[in-house]
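Asker: Take a look and give me a structure for this.
(one chain, ligands or ions: 1)
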Amino acid sequence: MKLANIRGRAALVLGDEIADVETVSGGRFGPEIMSLYDDWAAFAAFAATVSAGSAPLVEAGLGNPVPAPRQVFAIGLNYRSHAEESGMGVPTVPATFTKFPACLAGPFDDVHIPGDTVDWEVELVAVIGARADRVDEADAWANVAGVTVGQDISDRTLQFSAGSQFSLGKSWRGFGPLGPWVVSVDELADPDDLALSCAVNGEKMQDARTSDLIFSVPRLIAELSAVVPLLPGDVIFTGTPAGVGAVRQPPRFLQPGDVLESWIEGIGTIRNRCV
Ligand code: ZN
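Answerer: Coordinates of the predicted model:
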């Protein structure tokens, strides 16, 4: 299943068409997309019975498919390649921070650039589909509704000028584009091994596979849910691979006019223009 937010209404994406969830379910589900994560098992069973859309899929209508999570987890230094390029050690527990939820944005929204050290970080984002409390790693994928493409856009100056508390530097308005839709786990041949990349103005900057994650998605769910319950609709930004701008020689950062494209195998591409 591909679940999208079309102009504020939940919709299933079926090839190049969409089916409005409230309409096709006769009012049983939707139109609020967040309500579907609260009732994910029932919704997924219903969605499997829908085989055709009724309107064309239009990129411009796509909004954030997880617009109001109660908790946003983000993991730093979760690829060996990125830990090495950052000159930091490989963490022994997930280096967890947050992006404040109001910074999340749609897959094709513009990103306002508030300074001259704004950086990119393409990331696989897991969306929780069932309350997960003290979950075993082996059972963890069953608590995931699906995955989506995320950008953990980062103001490096603000990030590193507030001591070790860098969530604010990750949370300027629009710094968390997500999308273009949530892909349910059953659609992916191997959810633990997905290619991901990002490009600026067509030049590839990051290129890796999620099988290189130090803490896999199931391991993250086990580690996080040992501390605090994960709630339906929560998101986990799972970390970024090598290739961020701050450690390039010379450093390179996003500027107004740049186009940032982020792609994950089996999910799709989000595209954000810097303004
Ligand atoms: Zn990140």
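
Asker: got the domain boundaries for this protein?
Answerer: Domain assignment for the chain, taken from automatic domain parsing, gives 2-62, 72-273.

Asker: Looking at these, which is nearest to the ion?
Answerer: The closest approach between the ion and any of the domains of the chain, judged by Cβ to the ion, belongs to domain 72-273 at 3.3 Å. Bear in mind the C-beta positions are built from the backbone N, C-alpha and C, glycine included.

Asker: And the helices in this protein?
Answerer: Ranges of helices in the chain, per DSSP state H, are 21-24, 33-38, 40-47, 80-85, 156-160, 217-225.

Asker: Run through the neighbouring helices and strands of the shortest one.
Answerer: For helix 21-24, the elements it packs on are strand 9-14, judged by 3 or more Cβ pairs under 8 Å, 6 or more residues apart in numbering; DSSP states H and E.

Asker: Quickly, which of the helices of the chain bottoms out on average pLDDT?
Answerer: Ranked by mean pLDDT, the helices of the chain bottom out at helix 80-85, with a mean of 88.

Asker: what about that one and the ion, any contact?
Answerer: No - using Cβ under 5 Å from the ion, helix 80-85 stays clear of the ion, with a minimum separation of 8.5 Å.

Asker: what's the span of stretch 155-165, first residue to last?
Answerer: Terminal residues of stretch 155-165 lie 13 Å apart, using Cα to Cα, to the nearest Å.

Asker: Can you check the pLDDT for Val90?
Answerer: pLDDT, read off for Val90, is 89.

Asker: And it, how far from Asp207?
Answerer: Note on Val90: its distance to Asp207, by Cβ to Cβ, to the nearest Å, is 20 Å.

Asker: These two - which one has more neighbours?
Answerer: The neighbour comparison of Val90 against Asp207 (other Cβ atoms under 10 Å) goes to Asp207, with 15 against 12.

Asker: where's Glu137 relative to Gly27, distance?
Answerer: Per Cβ to Cβ, Glu137 is found 38 Å from Gly27.

Asker: neighbour-wise, which of those two wins?
Answerer: Each of Glu137 and Gly27 has its neighbours counted (other Cβ under 10 Å); Glu137 has more, 15 against 9.

Asker: just the domains of the chain: most buried one?
Answerer: domain 72-273 (a mean of 19; mean count of other Cβ atoms under 10 Å).

Asker: so what's Val13 up against?
Answerer: Val13 makes contact with Lys2, Leu3, Ala4, Gly53, Leu57, Trp181, according to Cβ atoms under 8 Å, 6 or more residues apart in numbering.
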